[in-house]
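# Structure here, sequence nowhere to be found:
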């Protein structure tokens with residue numbers, strides 16, 4: 001797996017922020033088999049993604065194994081200003097986690 005990386009782009013238009021983020025994660029369903037050994041590849045997927053704007057939650061996603069590898073998330077919310085802080089964090093079914101902060105441009 002990539003070193004729990006994430007890319008975030010966020011900008012404001014008026015008082016609405018647009019956020020686009022990609023989370024680098026294998027997102028394995030547990031249903032595929034390893035081609036070399038024939039053994040099942042264990043499930044490994046993100047279960048929760050949370051986005052906070054200046055410490056206040058603006059988005060919570062509850063995911064399962066049906067989400068694709070390296071998931072992309074895009075959303076908008078009201079009340080943002082240029083320079084505000086945006087923090088996106090995630091947790092997976094194996095206890096792994098990651099987070100990243102970005103300034104809204």
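Structure received. Keep in mind that what you see is a predicted model, and the values were worked out from it rather than measured. Numbers count the residues shown, from 1 in each chain.
# With adjacent residues omitted, what lies nearest to the one residue sitting closest to the centre of the chain?
Centroid-nearest residue in the chain, with CA atoms, centre = their mean: residue 23, separated by 4.6 Å. Once flanking residues are discounted, residue 23 sits nearest to residue 6: 5.0 Å by CB to CB, 6 or more residues apart in numbering. C-beta: built from backbone N, CA, C; applies to glycine.
# how near is the residue nearest to the centre of the chain to residue 16?
From residue 23 over to residue 16 the distance is 23 Å, taken as CB to CB, to the nearest Å.
# Same check on residue 87?
With distances taken as CB to CB, residue 87 is found 18 Å from residue 16.
# Comparing these two, which residue is more hemmed in?
residue 87 (16 against 12; other CB atoms under 10 Å).
# who's sitting farthest from the centroid in the chain?
For the chain, the largest distance from the centre (CA atoms, centre = their mean) belongs to residue 37, which lies 30.9 Å off.
# Which parts of this structure are strands?
With DSSP state E applied, the chain shows strands at 6-13, 16-23, 46-53, 56-62, 72-78, 85-92, 97-103, listed in chain order.
# Let me see the contact set for residue 15.
Contacts for residue 15 were tallied using CB atoms under 8 Å, 6 or more residues apart in numbering; they are 78, 79, 80, 81.
# How about the contacts made by the first one?
The one in question is residue 78. Counting by CB under 8 Å, 6+ apart, residue 78 touches 15, 16, 17.
# Would you mind confirming that residue 40 makes contact with residue 29?
No: under the contact definition of CB atoms under 8 Å, residue 40 does not touch residue 29, with a separation of 9.8 Å.
# Tell me the predicted confidence for the residue farthest from the centre of the chain.
In this model, residue 37 is scored at 96, pLDDT.
# which residues touch residue 89?
Residues near residue 89 by CB under 8 Å, 6+ apart: 49, 50, 52, 97, 98, 99, 100.
# so what's it bridging to?
For residue 89, the residues forming beta bridges with it (DSSP bridges) are residue 50, residue 99.
# what's the spacing between it and residue 35?
If you measure residue 89 against residue 35 using CB to CB, the figure is 33 Å.
# Fine by me, we can end here.
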